[in-house]
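A.B. asks: Predicted structure and sequence below. I'll ask about it afterward.
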Amino acid sequence: MKFKRVATDIQSKARAGQITTDHGKIETPIFMPVGTVASVKGVHQRELKNDINPDIILGNTYHLYLRPKTKILEEAGGLHKFMNWDRNILTDSGGYQVYSLSANRKIKEEGVKFKSHIDGSYHVFTPENVMEIQRSIGADIIMAFDECTPYPCDYNYAKRSMHMTHRWLERCLVHLEKTPYKYDYSQTFFPIVQGSTFKDLRKQSAEYIAGVNAKGNAIGGLSVGEPAEEMYAMTEVVCDILPEEKPRYLMGVGTPINILENIALGVDMFDCVMPTRNARNGMLFTAHGTINIKNKKWENDFSSIDDMSITYVDTDYSKAYLKHLFSVNELLGKQIATIHNLGFYLWLVREARKHIIDGDFREWKDKMVKQMDKRL
């Protein structure tokens, strides 16, 4: 993997860049649609390519390990071939999913024993087997196995967890050296900064991760319930330490406003289930605020979903039609809303990139944050 910076905003720390892997170029800043179980929920790969057009999507190690299982993925020739996707894929390590199973898992130095949410069977994730699983899945970018701490979090627990994440990282690196690629392209490994919302721990973890000298770095353990101001403060601390010549990935973030504010702090890559999950519940994101399409006010509004002279995707349906689809629980409504929201998120990061290159990102970002912070 290669990364080059194309431009840096003079009034913030925002960067425009380009990542190159064996599956093509990724223009940054980038939002990665979440394809948890080898599918971006509710969206056909044809629509994903033609309408939303992301350079990279995300797959989930925990879910893919449980279903369809790594044996099936290996027989298919990896996740790209299994789901007929010839662009980039990033897989997370499963650490966040294990964190979310707090009632059904036990964390020890060796790894994590957890109970499947599907059938109650028990499994163990270790730094070693998570590297093997990600080799079998075959994503272009793979993540270190870490522990994601909850919020709020006791300082001593956060400190112990951070050090264990660092020890697990060393085990990941050692095992990767012994585990060759399974397919005819390379994979790039990102370690993950932890430390909860404690500035000294985040600083210590960022310095440790930077010292590993990986080709890219991730920031984990944020967007887990902490106030946005604390997220931004921790991101700023970390981005000031992580090397400028390597991409920075903020995991699981977030709202459109979160994304713009973190781009301003120097983050390059994002993922979040929010655009797809909210779409299925009737929440639409636009450049001028959010829409709850289930509200009665839209039932005779025949204007386009976003009629503010901005087109995110070529899905020219009226608010009244989409409200009707949700009222009758028609699956097409959820699909249209999902394509719209993902189209908006990709539009947003691409516009951010343009304004970074043009040199007026800060002013544009401040205007957009005010516009989007409204309920329509």
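C.D. replies: On my side now, so go ahead. Numbers count the residues shown, from 1 in each chain.
A.B. asks: Now the element after the helix or strand T276 falls within, going C-ward?
C.D. replies: When elements are assigned from DSSP states H and E, T276 belongs to helix 274-280. Proceeding N to C from helix 274-280, the next assigned helix or strand is strand 283-286, under DSSP H and E.
A.B. asks: And the helix holding T276, what does it pack against?
C.D. replies: Counting contacts by 3 or more Cβ pairs under 8 Å, 6 or more residues apart in numbering; DSSP states H and E, the secondary-structure elements packed against helix 274-280 are strand 283-286, helix 331-358. In this view, the C-beta of every residue, glycine as well, is placed from N, C-alpha and C.
A.B. asks: Let me have those in TSV, extended by mean pLDDT, mean neighbour count and distance to V237.
C.D. replies: Formatted as TSV, the entries for these read as follows, by pLDDT from 0 to 100; neighbours: other Cβ atoms under 10 Å; distance: least, Cβ to Cβ, whole Å:
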stretch	mean pLDDT	mean neighbour count	distance to V237
strand 283-286	96	22	28
helix 331-358	96	21	22
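A.B. asks: which stretch among those comes nearest A144?
C.D. replies: Proximity to A144 (Cβ to Cβ) singles out helix 331-358 among those, at 24.4 Å.
A.B. asks: Would you indicate which residues of stretch 266-283 are buried?
C.D. replies: By neighbour count with 16 or more other Cβ atoms under 10 Å, stretch 266-283 contains the buried residues 266-272, 274-276, 278-280, 282-283.
A.B. asks: Run through the residues that contact P243.
C.D. replies: Residues in contact with P243, defined by Cβ atoms under 8 Å, 6 or more residues apart in numbering, are 210, 217.
A.B. asks: ok, F285 to V313 distance?
C.D. replies: Counting by Cβ to Cβ, to the nearest Å, the separation of F285 from V313 is 12 Å.
A.B. asks: cool, N50 as well?
C.D. replies: Taking Cβ to Cβ as the measure, N50 falls 9 Å from V313.
A.B. asks: Comparing the two, which residue is more hemmed in?
C.D. replies: Under the neighbour definition other Cβ atoms under 10 Å, N50 and V313 were set side by side, and V313 has more, 21 against 11.
A.B. asks: what's near enough to touch that one?
C.D. replies: Counting by Cβ under 8 Å, 6+ apart, V313 makes contact with 51-52, 339-340, 342-343.
A.B. asks: Return the member of those residues nearest to F114.
C.D. replies: L342 (29.8 Å).
A.B. asks: which residues touch the closest residue to that closest one other than its chain neighbours?
C.D. replies: The spatial neighbour of L342 that comes closest, neighbours along the chain excluded (Cβ to Cβ, 6 or more residues apart in numbering), is I52 at 4.7 Å. Under the criterion of Cβ under 8 Å, 6+ apart, the neighbours of I52 are 33, 43, 313, 339, 342-343, 346.
A.B. asks: Looking at these, which one is closest to H123?
C.D. replies: Distances from these to H123 were compared by Cβ to Cβ; the smallest belongs to P33, at 26.7 Å.
A.B. asks: my guess is that closest one contacts V273, does it?
C.D. replies: No. Assessed by Cβ atoms under 8 Å, P33 is found out of contact with V273, at 9.4 Å.
A.B. asks: closest to H23 out of the helices and strands packed on helix 274-280?
C.D. replies: Each of the helices and strands packed on helix 274-280 was scored for nearness to H23 using Cβ to Cβ, and the closest is helix 331-358 (17.6 Å).
A.B. asks: who does the helix or strand that comes right after that closest one touch, helix- and strand-wise?
C.D. replies: Following the chain from helix 331-358 toward its C-terminal end, the next helix or strand by DSSP H and E is helix 361-372. Where contact means 3+ Cβ pairs under 8 Å, 6+ apart, helix 361-372 is packed against helix 256-264, strand 289-292, helix 331-358.
A.B. asks: go again using 10 Å as the cut-off
C.D. replies: Packing partners of helix 361-372 (3 or more Cβ pairs under 10 Å, 6 or more residues apart in numbering; DSSP states H and E): helix 256-264, strand 283-286, strand 289-292, helix 331-358.
A.B. asks: Just the buried residues of stretch 90-105, please?
C.D. replies: By 16+ other Cβ under 10 Å, the buried positions in stretch 90-105 come out as 90-99, 105.
A.B. asks: do the same with stretch 68-75
C.D. replies: Neighbour counts over stretch 68-75 (16+ other Cβ under 10 Å) mark 68, 70, 73-74 as buried.
A.B. asks: just stretch 230-250 next, same as before
C.D. replies: Of the residues in stretch 230-250, those with enough neighbours to count as buried (16+ other Cβ under 10 Å) are 231-239, 241-242, 246-250.
A.B. asks: Would you mind checking the average pLDDT for it?
C.D. replies: When pLDDT is averaged along stretch 230-250, the result is 98.
A.B. asks: Going by secondary structure, N129 is in what exactly?
C.D. replies: Counting by DSSP H and E, the element that carries N129 is helix 127-137.
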